[in-house]
Structures are given as C-alpha cells and as structure tokens.
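Student: I would like the atomic coordinates for the input below:
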Amino acid sequence: MTQTDSFLKDKHILAVDDEQDVIETIQEILDESTVDVAKDYQTASQMILGTQYDLAILDIMGVNGIKLLEECVKRGIPAIMLTANSMNPESLMQSIKKGAISYLSKEHLSEIDTLINELMDAQKQGNPPWKLLFEKLGDHFDQRFGDGWKNDNKDFWKDFEKNWQVSRGIQERLLHDKNIIDKGI
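Tutor: Residues are numbered from 1 along each chain as shown. From the prediction side, this is the model:
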C-alpha cells in the first residue's frame with residue numbers, strides 16, 4: 001500500500017511469529033514501514049522493553065503472544081493478535097480483555113496493510129477499532145466459529161457490544177497512555 005496518508009508510512013513495527021514464512025510475508029506487505037522481527041518470546045520481550053514501537057503484530061501460539069500483548073499494553077504499544085491454530089472465541093475474548101486492538105486470522109494476512117490502515121485510522125478518529133473489525137470480518141468469525149458462537153458467553157458479548165468505546169482493553173490501554181497520564185486523568 002503506497003498511499004501518502006497511510007498509517008504505515010515510516011512506522012516502526014514489531015512482528016513476532018515462530019513461522020519464517022509469516023514473518024517474510026509481513027515484511028513484504030508492510031514495506032513502507034521498518035519491521036523488526038522476533039521468532040520467540042524472549043527476543044520479542046526484550047525488543048518491546050527496549051524500543052517504543054508504533055505497532056506490534058503478535059502471533060498467539062508458539063511465542064506466548066498473550067504475555068507479549070500484556071507487555072505491549074504496559075508500554076503503550078498498540079497490538080494486533082495474529083493466529084491460525086488458536087482461532088477460537090476464547091482467544092478472541094482474551095485478546096479483547098487484555099487490550100489488543102485487533103485479532104486477525106492468518107487467512108487475512110495478505111490484507112494486513114489495508115486492515116492496519118483502516119484500524120489505526122478508526123482509532124485516530126476516536127472510533128473503536130474492534131467495531132470496525134467486526135463490521136469487516138464478522139461474517140468470517142461467524143463462519144469459523146459456527147452459528148450462535150456468542151451465546152456461550154452472552155454476558156461478555158452483551159457488555160462488549162454495549163460499550164464499544166469503554167471495553168476493558170481500551171481502559172487498560174488508557175491506563176498506560178502517556179498523553180492521559182501526563183494530564184493527571
């Protein structure tokens with residue numbers, strides 16, 4: 001994607017996955033950004049602690065992605081969870097609760113530049129990126145998880161849908177947002 005208004009232009013992104021082909025695909029697609037890579041939890045954790053990234057793309061399986069998500073949130077780094085094997089309602093809910101801005105199937109990896117630009121644009125405009133994700137990929141989740149998949153956790157989804165802008169993840173990110181902390185809010 002080579003738009004002049006692209007979020008990705010000149011950004012510093014961390015991509016973490018234990019599969020080399022996934023890493024290479026992310027680097028190729030996000031060519032207008034500087035993409036640092038890590039293939040394991042320890043390396044990624046050190047990179048998160050030592051560098052202020054504009055965005056992190058974290059595999060859930062194989063690299064302890066949920067723990068890395070927690071570290072990103074503490075550092076104010078927006079994170080997108082990427083998965084193939086753990087594409088299920090439980091890991092989706094855990095990603096939301098822990099503060100991820102998005103959750104993508106590796107099936108959509110080829111669209112990651114467009115999705116990132118749309119998600120970050122929504123966030124910049126004060127719109128919840130999760131709402132955009134469900135508008136764009138809601139049918140994918142329904143097909144993947146089966147009819148009525150939200151019924152197993154009705155209270156969570158009812159609360160989530162009612163409170164798009166104050167979901168637990170957003171609240172957690174706000175606790176670590178330097179722009180808000182500096183204002184004493």
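
Student: in this protein, which residue is closest to the centre?
Tutor: Centroid check for the chain by C-alpha atoms, centre = their mean gives I80 as the closest residue, at 1.5 Å.

Student: close enough to count as contact, it and S105?
Tutor: No - I80 is beyond contact range of S105, at 11.5 Å (criterion: C-beta atoms under 8 Å). Bear in mind the C-beta positions are built from the backbone N, C-alpha and C, glycine included.

Student: hmm, back to that, quick check: closest non-adjacent residue to the residue nearest to the centre of the chain.
Tutor: In space, and not counting its chain neighbours, I80 is closest to S102: 4.4 Å by C-beta to C-beta, 6 or more residues apart in numbering.

Student: From L69, how far off is that neighbour?
Tutor: 11 Å (C-beta to C-beta, to the nearest Å).

Student: any residues in contact with both of these two?
Tutor: Both S102 and L69 are contacted by M81, under the criterion C-beta atoms under 8 Å, 6 or more residues apart in numbering.

Student: Pull the helix or strand containing L69 out as PDB, backbone CA atoms only.
Tutor: In this assignment (DSSP states H and E), L69 forms part of helix 65-75. Extracted as PDB, the C-alpha positions of helix 65-75 are listed here (Å, rounded to 0.1, in the frame of the first residue of the first chain):
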ATOM      1  CA  GLY A  65       1.600 -13.800  22.400                       C
ATOM      2  CA  ILE A  66      -0.900 -13.100  25.200                       C
ATOM      3  CA  LYS A  67       2.000 -12.400  27.600                       C
ATOM      4  CA  LEU A  68       3.700 -10.200  24.900                       C
ATOM      5  CA  LEU A  69       0.300  -8.400  24.500                       C
ATOM      6  CA  GLU A  70       0.300  -7.600  28.200                       C
ATOM      7  CA  GLU A  71       3.900  -6.200  27.800                       C
ATOM      8  CA  CYS A  72       2.900  -4.100  24.800                       C
ATOM      9  CA  VAL A  73      -0.100  -2.600  26.600                       C
ATOM     10  CA  LYS A  74       2.100  -1.600  29.600                       C
ATOM     11  CA  ARG A  75       4.400   0.200  27.200                       C
END
